[in-house]
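Engineer: turn this into a structure:
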Amino acid sequence: MYAIVRAGGRQEKVAVDDVLTVDKLAGEVGSTVKLQALLVVDGEDVVSKAADLARYEVTAEILGAVKGPKINIMHYRNKTGYKRRMGHRQPYTEVKITGIKAGK
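Structural biologist: Presented below is the predicted three-dimensional model:
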């Protein structure tokens, strides 16, 4: 069984025990978050209707905060002596999928 979930503005394919990196989420390490399911595949059954997907619940446990790769930004103007250097590292949250269950 696997699901396509919306996580931080992107769509990710997840199964139970998968670890994935999503945009920063509010929450403590070890807390549980619910992700919105967009598609659920269980063997031969494919669920994609919004009414049916409302029954499914994809839960994940927060493992911790991580940072993305460093991005270097240089501003330079010719013949003026103007140089500026900036950097950026995007904050992410690492989560582990703990369950994909059909509810009520």
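Engineer: what's the span of stretch 48-55 from first residue to last?
Structural biologist: 11 Å (Cα to Cα, to the nearest Å).
Engineer: buried sites along that stretch?
Structural biologist: For stretch 48-55, burial by neighbour count (16 or more other Cβ atoms under 10 Å) applies to residue 53. Using the backbone N, CA and C atoms, a C-beta is placed for each residue, glycine as well.
Engineer: quick one: what helix or strand has the residue lying farthest from the centre of the chain in it?
Structural biologist: Ranking residues of the chain by C-alpha distance from their mean position (Cα atoms, centre = their mean) puts residue 79 at the top, at 44.4 Å. Element membership for residue 79 (DSSP states H and E) is empty, with no helix or strand holding it.
Engineer: ok, it to residue 73 distance?
Structural biologist: 21 Å (Cβ to Cβ, to the nearest Å).
Engineer: for residue 10, same thing?
Structural biologist: 23 Å.
Engineer: could you give the bridge partners of residue 19?
Structural biologist: Beta bridges link residue 19 to residue 96, judged by DSSP bridges.
Engineer: that one contacts residue 63, correct?
Structural biologist: Yes. Using Cβ atoms under 8 Å, residue 19 is in contact with residue 63, at 6.9 Å.
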